[in-house]
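[1] Return atomic coordinates for the entry below.
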Amino acid sequence: MMKRFGVGILTVSYMVFSAVPLYATANILENTAAQKHQIPNVPSFDLSYRGEALRCYPSSLVETNSKKKLVEFVCVQRNLAEKLMSDTDDVSSEEDRGRQETKRFQQLLKDKKEIGAIYHVKIPAGDARYPGFAAHEAEQILQNNHYLGKYIRWLLPAKFYISLRPQYAEMAGSKEGKHFHNAGSRAGFFYYYTFNSGIDITVQYEGNVNKENKGKFINLSEQSDSNRRLSYLSAEYKGITLLGGKYWSAYYDIAGITDYFMAYGAQASGAYNHSGDGSVSGTGRADKVLQVHFAIDDFESTLQYQYGHASPEGIDGEFGYRMGASFVYGGRKKDGWKAGAAFAYGKYDEITAMMRQTGITGNDQAYIAGLSFKKNRFLVNGNFSYTRNHMNDDQGVYFDGVGVEIYARYDVSSQIRTVAGINWLKPTGGYQGQYEIKKGILSFQYTFGKRTFDDVVYVEIALPHGSSASGVRGNTSIAIGLRYLIDL
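    Numbering: from 1, shown residues only. As a prediction, this is how the structure comes out:
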């Protein structure tokens, strides 16, 4: 089943990548905004083309090889012209996590499709000063050219992206000390299409980008050298979504509300375990997952099942099945209170002698509850988790434990953000070691570009008060980094 799913993803990706030049020609919304400070001082004009009422705005001055100057105009539907030429920055569409990030991508592609076809024409600078002459020449240019980009834009509402994330980290007490490294750079494509019947189709593939990792960027096999982060196909109709592949888990619907730190968070919720991304246990980016998601008014719920046998890293036992669910109230509101709970359960075929030696005495269980409050520039999120046979210490010994994560931020302005929070994970029961995560985190962030915090520079500080399994206390850690998004 996974191989057939993989072939489908690769087929779609081939179609989409083949159309990039045409798609990029039609979609110049971002370029227009970037060039608005170099606009020639000539008037705009209106015209009609193929039944569309267009308004054309000057966007740039072009000099040909013969030294002839041309004014490039951007022509869009007249009723959407003001929307196109205005500042497109919107803090409500800022970078997010998990299922909310998927919704953001879908909305961005919806907005692009609603804008409709975008044309550009080049007119001699002398004629561009007179709206009547300019409109006549623009009509002739449009009639003599075939704008396939208009149809590619309609058929292929896709987003291609790469997020570069270099980081300079000082890990006091570590052998490496201060060093530059890749802090999770990734690239991928996102395809979203709405049929006339009201069915929405979404396909996404995302992989890690790391020159030091020899794993394949696109690898749909079961081999461990894959850099694959996400690869799924979903269909949504009237608030019900069916999804298959590798995707954010139901458990992450709650755990993800505190996973906004740049370097030092997400250590206590149980989302990421077994020294990985939570794909096997189904608490992070769940692999081989089938999900049904319901969105009704202010309520959202996800049911999850992972098919096939799988073994966590370093364990000789296999999961017979894994399942989970989440329930969220207020998940679609921008401001106000939100609350929810989730669980993940993994049934082992057998508890082996080796597993007992590492502290695993039963099936993998994780439970979490979360609360969120947002008002204007202030946001505070928190969750409380309880896990059994799910988390392990720095020596690989598993334990039952409770965890608390808190994430609070205040936007000083549209570009400056201050963040504070805690991660606390404490073993319970018969655990014999001294392992405990107890740290405060401070982060200072500055966003540039579209001010969505996709493009950001930051300084983050971790103040640990916990200890390793042997009782060694950690020291202060500092990370300085950059996140820069390139997308089409």
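
[2] give the contact list for R483.
    R483 sits next to 163-165, 262, 454-456, 458 when contact means Cβ atoms under 8 Å, 6 or more residues apart in numbering. The C-beta positions use only the backbone N, C-alpha and C, and glycine is treated the same way.

[3] any chance of the residues you listed in TSV, plus secondary structure, distance to M354 and pLDDT?
    As requested, those are arranged in TSV below (DSSP: H, G, I helix; E, B strand; the rest coil; distance: Cβ to Cβ, whole Å; pLDDT from 0 to 100):
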residue	secondary structure	distance to M354	pLDDT
S163	strand	39	94
L164	strand	41	95
R165	coil	37	95
M262	coil	37	95
D454	coil	44	92
D455	coil	47	94
V456	strand	44	96
Y458	strand	42	98
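
[4] wait, which of those is closest to L233?
    For these, the minimum distance to L233 (Cβ to Cβ) is 22.2 Å, reached by S163.

[5] which residues does that closest one contact?
    With Cβ under 8 Å, 6+ apart, S163 has these contacts: 185-187, 454, 483-486.

[6] Redo those residues as TSV? Include secondary structure and distance to Y348.
    TSV is the format used below for the contacts of S163 (DSSP: H, G, I helix; E, B strand; the rest coil; distance: Cβ to Cβ, whole Å):
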residue	secondary structure	distance to Y348
S185	coil	35
R186	strand	32
A187	strand	35
D454	coil	40
R483	strand	38
Y484	strand	43
L485	strand	40
I486	strand	43
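
[7] Buried subset of the residues you listed as a ChimeraX selection?
    The ChimeraX command for the buried members of the contacts of S163 (criterion: 16 or more other Cβ atoms under 10 Å) is given here:
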select :185,186,187,454,483,484,485
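
[8] Closest one to A342 out of the contacts of S163, please.
    Closest to A342, out of all of the contacts of S163 and judged by Cβ to Cβ, is R186, at 24.4 Å.

[9] and the gap between the closest one and K178?
    R186 sits 24 Å away from K178, taking Cβ to Cβ, to the nearest Å as the criterion.

[10] Name the SS class of N423, please.
    strand (DSSP: H, G, I helix; E, B strand; the rest coil).

[11] Can you give me the pLDDT of it?
    Here, the pLDDT recorded for N423 equals 98.

[12] Who are the contact partners of it?
    Per Cβ under 8 Å, 6+ apart, neighbours of N423: 264-268, 403-405, 437-439, 441.

[13] coming back round to it: just put the contacts of S163 in JSON lines and tack on distance to Q357.
    Converted to JSON lines, the contacts of S163 look like this (distance: Cβ to Cβ, whole Å):
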{"residue": "S185", "distance to Q357": "37"}
{"residue": "R186", "distance to Q357": "36"}
{"residue": "A187", "distance to Q357": "40"}
{"residue": "D454", "distance to Q357": "45"}
{"residue": "R483", "distance to Q357": "41"}
{"residue": "Y484", "distance to Q357": "46"}
{"residue": "L485", "distance to Q357": "45"}
{"residue": "I486", "distance to Q357": "48"}
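
[14] Go through the contacts of S163 and say which is closest to L230.
    Nearest member of the contacts of S163 to L230, counting by Cβ to Cβ, is R186, at 8.9 Å.

[15] Next, the contact list for the closest one, please.
    162-163, 165, 206-209, 229.

[16] Who does it form a beta bridge with?
    In this entry, R186 is beta-bridged to S163, N208, by DSSP bridges.

[17] Going forward, the N-terminal residue is numbered 7.
    In the new count, where the first residue is 7, that last one comes out as R192.

[18] Please report the distance of it from E69.
    39 Å.

[19] K73: which element?
    Under the criterion DSSP states H and E, no helix or strand holds K73.

[20] what number of residues lie near it?
    Each residue near K73 was counted by other Cβ atoms under 10 Å, and the total is 6.

[21] What separation is there between it and L377?
    For K73, the distance to L377 - Cβ to Cβ - is 65 Å.

[22] swap in E101?
    To L377, E101 is 22 Å away according to Cβ to Cβ.

[23] Kindly report the same for Q421.
    In terms of Cβ to Cβ, Q421 sits 28 Å off from L377.

[24] just S255 next, same as before
    Between S255 and L377 the computed distance is 19 Å (Cβ to Cβ).

[25] Looking at those two now, which is surrounded by more residues?
    More crowded of S255 and L377, by other Cβ under 10 Å: S255, with 33 against 15.

[26] Tell me how far the more buried one lies from A350.
    7 Å.

[27] just Y266 next, same as before
    21 Å.

[28] mind listing what's buried in stretch 460-478?
    By 16+ other Cβ under 10 Å, the buried positions in stretch 460-478 come out as 460-462, 464-468, 470, 472-473, 475.

[29] can you check stretch 304-316 too?
    Across stretch 304-316, burial judged by 16+ other Cβ under 10 Å covers 306-308, 310-312, 316.

[30] Enumerate every residue touching D406.
    392-395, 433-435, 437.

[31] okay, among those residues, which ones form the most distant pair?
    Y392 and Y437 (14.0 Å).

[32] for the chain, what helix or strand is lowest in average pLDDT?
    helix 26-32 (a mean of 35; mean pLDDT, DSSP states H and E).

[33] Give me the nearest residue to G251, chain neighbours excluded.
    Y238 (3.0 Å; Cβ to Cβ, 6 or more residues apart in numbering).

[34] Please work out how many residues are found near that neighbour.
    Neighbours of Y238 using other Cβ under 10 Å come to 22.

[35] Report the strands that pair with the host helix or strand of it, each with its relative direction.
    Under the criterion of DSSP H and E, Y238 resides in strand 234-243. Sheet pairing of strand 234-243 (DSSP bridges) gives strand 206-214 (antiparallel), strand 246-254 (antiparallel).

[36] Residue ranges of each domain in the chain, please.
    26-159, 169-493 (automatic domain parsing).

[37] Name all residues that make contact with A468.
    The contact partners of A468, by Cβ under 8 Å, 6+ apart, come to 269-270, 445-447, 482-485.

[38] So for H187, what's the nearest residue that isn't a sequence neighbour?
    Q173 (6.0 Å).

[39] how near is the closest residue to R383 other than its chain neighbours to Y452?
    Using Cβ to Cβ, 6+ apart and skipping the chain neighbours, the partner closest in space to R383 is D417 (4.0 Å). Separation of D417 from Y452 (Cβ to Cβ) stands at 11 Å.

[40] who's more crowded, those two?
    Looking at D417 and Y452 with other Cβ under 10 Å, you find the greater number of neighbours at D417, namely 19 against 16.
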